[in-house]
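1. Provided below are the primary sequence and the corresponding predicted coordinates.
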Amino acid sequence: MTKNNNQQLLHESHTNSNLKFPLCLLLDDFENPLNVGSIFRISDALGVTELYLCGSTPVPPNKKITKTSRSTEKSMTYHYVKSAEQTLTQLKADHYTIIALEITTQSLDLVTLKYSNYEKICLIAGSEKQGIKPSLLRLSNNSIHIPMLGINSSMNVATACAIAVFEITRGYKKKNINANDTR
């Protein structure tokens, strides 16, 4: 019988790669600061360059954000902007491809997104209750969705962002694209 020497690593043994991808997230009218904190943590873990917190989205300093972000809101670049529409217009002028994370009549399955066509991406996530506003959908180049196999048609917004960001950054890795290559 072979002895397994697999051991859990301590948090202190982690080294920061500082790898960032040309991906930003725009969170519009989020209600729950715990979801915002989770997305800060996801963004830090997966190499998102920056976050745009728009409309009524809670912003740091906020105890609930800090709790779920595990203090990553202190190291992640983020901006509060009132108007998501103005921010998207500026990002489009800066040659970002705007992708809405929303199931629509024209949305694509997340895994079918062709990353060779999209170097700089802004991924939009909307309100947990209302989804992404029609005005933001109109500004988007594309919509993507996560196929839902169960009885529910959606999942928690932070969980959905984690899945989408993982898949997008996986596409960047396959193409060897990082933030330094596109800016």
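-> The structure has been received and is ready for your questions.
2. hang on, Leu123 in a strand?
-> Yes: per DSSP: H, G, I helix; E, B strand; the rest coil, Leu123 lies within a strand segment.
3. Strands along this structure, start to end?
-> Per DSSP state E, the chain carries strands over the ranges 21-28, 48-54, 77-81, 97-101, 108-109, 121-125, 142-145.
4. In CSV: those, plus mean neighbour count.
-> Yep, even glycine has a C-beta here, placed from its N, CA and C like the rest. Shown next, in CSV, are the strands of the chain (neighbours: other CB atoms under 10 Å):
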stretch, mean neighbour count
strand 21-28, 25
strand 48-54, 22
strand 77-81, 15
strand 97-101, 23
strand 108-109, 12
strand 121-125, 25
strand 142-145, 19
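5. Save those strands as TSV, and put in mean pLDDT too.
-> Shown next, in TSV, are the strands of the chain (pLDDT from 0 to 100):
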stretch	mean pLDDT
strand 21-28	97
strand 48-54	98
strand 77-81	98
strand 97-101	97
strand 108-109	96
strand 121-125	98
strand 142-145	96
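6. so can I have CSV of the ones you listed showing distance to Gly131?
-> Conversion of these to CSV gives the following (distance: least, CB to CB, whole Å):
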stretch, distance to Gly131
strand 21-28, 10
strand 48-54, 14
strand 77-81, 20
strand 97-101, 9
strand 108-109, 16
strand 121-125, 9
strand 142-145, 11
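7. Let me know the distance separating the residue lying closest to Glu85 once chain neighbours are set aside from Val36.
-> Nearest-residue entry for Glu85: Ser135, 5.7 Å, with adjacent residues in sequence omitted and distances by CB to CB, 6 or more residues apart in numbering. Applying CB to CB, to the nearest Å, the value for Ser135 to Val36 is 21 Å.
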